[in-house]
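>>> Fold the following, please.
(one chain, ligands or ions: 1)
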Amino acid sequence: MPRTGLPSGSGTWLDPDIPVTGGGPGYGAVVESLRDLLDGFAAASPDEETVRALADAFAAWSKRLERHRVGERQQVFGRRRDLHGRGQVMAPKFAAEESDERSVKGTVTFGRYFLGGNGAVHGGAIPLLFDEVMGRLSNTAGRSQSRTAFLHTDFRSVTPVGVPLSVRAWFESEEGRKRFIRAEIRDGDTLCAESHGLFLALLPGQP
Ligand SMILES: CCCCCCCCCCCCCC(=O)SCCNC(=O)CCNC(=O)[C@H](O)C(C)(C)COP(=O)(O)OP(=O)(O)OC[C@H]1O[C@@H](n2cnc3c(N)ncnc32)[C@H](O)[C@@H]1OP(=O)(O)O
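Residues are numbered from 1 along each chain as shown. Just a heads-up that it's a prediction; the model follows:
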């Protein structure tokens with residue numbers, strides 16, 4: 001395993017070969033609840049009593065989770081390849097539907113949490129999704145671990161919040177350590193955003 005503790009996958013996206021079972025079978029449902037909570041919180045205008053109740057509940061859970069704190073290599077969050085979005089809530093949940101060694105297709109719905117304004121997704125959340133999907137594709141199918149060297153995003157039309165969108169990412173070329181990957185997000189036939197990036201295979205000892 002590389003120094004970072006982030007293993008590369010030798011399987012394709014939909015066929016990960018590294019089981020991570022931390023958190024048990026109920027972990028995915030908790031991550032979904034957390035996503036719902038963030039969307040609900042973003043959409044709410046809570047009264048003072050509700051705000052106090054939330055503050056108490058959040059503080060109690062933070063304290064309880066402190067007892068289960070682990071180092072990065074034991075962390076479950078973001079490492080469950082068996083779950084859509086690998087079990088993290090930092091980026092919107094990408095649900096892969098088709099994949100091979102050079103590409104992946106799937107869907108994403110940006111919840112209210114990712115709202116920028118006027119129904120449009122925040123302009124920082126879109127490259128985040130691209131980096132997530134393209135970065136993970138870069139490491140699939142027996143490829144070694146890589147890091148994003150650059151990521152360019154063009155915003156072609158408004159990306160709507162709360163609408164299922166299609167996402168596609170594919171290898172444009174591989175030249176030595178350099179993996180050039182492209183991706184796009186569409187709302188039906190409408191191109192919302194597209195991206196191209198360079199992912200560089202890490203050398204031994206690179207973090
Ligand atoms: C179970 C666990 C599950 C985990 C799942 C994980 C899923 C993850 C999903 C999320 C994934 C998220 C992923 C993330 O977000 S990764 C986090 C964001 N990225 C980083 O932090 C990377 C920071 N940068 C670096 O570490 C270094 O710069 C790297 C390692 C990238 C390269 O430094 P290194 O010293 O090794 O290489 P080099 O400088 O000799 O360059 C080599 C060649 O490349 C060319 N070049 C370099 N840069 C650029 C550039 N900007 N444009 C164009 N070209 C560039 C360069 O000219 C040269 O070409 P040539 O002269 O040979 O022709």
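>>> next structured bit after the host helix or strand of residue 180?
Taking DSSP states H and E as the criterion, the element that holds residue 180 is strand 178-187. Counting by DSSP H and E, the element after strand 178-187 in chain order, helix or strand, is strand 190-201.
>>> who does that following strand pair up with?
Paired neighbours of strand 190-201 in the sheet (DSSP bridges): strand 146-155 (antiparallel), strand 178-187 (antiparallel).
>>> about what we covered before: name the surrounding residues that touch the strand holding residue 180.
For strand 178-187, the surrounding residues in contact (Cβ atoms under 8 Å, 6 or more residues apart in numbering) are 108, 126, 129-130, 133-134, 137-138, 143, 146, 157, 159-160, 163, 165-174, 191-201. All C-beta atoms are positioned from the backbone trio N, CA, C, and that covers glycine.
>>> Of those, which are in range of the ligand?
Among the contacts of strand 178-187, proximity to the ligand is found for 198, 200 (Cβ under 6 Å from any ligand atom).
>>> can you pull the buried residues of stretch 106-117?
106, 108-111, 113-116 (16 or more other Cβ atoms under 10 Å).
>>> Tell me which entries of those lie within strands.
With strands taken from DSSP state E, the overlap with those comprises 106, 108, 115-116.
>>> where do the strands sit along the chain?
Counting by DSSP E, one finds strands in the chain at the ranges 94-99, 103-108, 115-117, 120-121, 146-155, 165-175, 178-187, 190-201.
>>> quick check: mean pLDDT across stretch 36-44?
Per-residue confidence for stretch 36-44 averages out to 98 on the pLDDT scale.
>>> What of stretch 156-175?
Mean pLDDT, taken over the full extent of stretch 156-175, equals 98.
>>> With stretch 72-91 instead?
In this model, stretch 72-91 has a mean pLDDT of 92.
>>> Same check on stretch 181-200?
Mean pLDDT, taken over the full extent of stretch 181-200, equals 98.
>>> Which part of the protein gets nearest to the ligand, residue-wise?
Sorted by distance to the ligand under Cβ to the nearest ligand atom, the residues of the chain start with residue 135, at 2.5 Å.
>>> Count the residues that sit near that residue.
Using other Cβ atoms under 10 Å, residue 135 is surrounded by 19 other residues.
>>> Surely it touches residue 148?
Yes - between residue 135 and residue 148 a contact is recorded at 5.9 Å, counting by Cβ atoms under 8 Å.
>>> any common contacting residues for the two?
With contacts defined as Cβ under 8 Å, 6+ apart, the residues shared by residue 135 and residue 148 are residue 199.
>>> what residues does this structure put near the ligand?
By the rule Cβ under 6 Å from any ligand atom, the part of the chain lying against the ligand is 6-7, 18, 20, 79, 81, 86, 131-132, 135-136, 147-150, 178, 198, 200, 202-203, 206.
>>> In ChimeraX, how would I select the buried members of those?
Filtering the residues of the chain next to the ligand down to the buried ones (16+ other Cβ under 10 Å) takes a single ChimeraX command:
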select :7,20,79,81,86,131,132,135,136,147,148,198,200,202
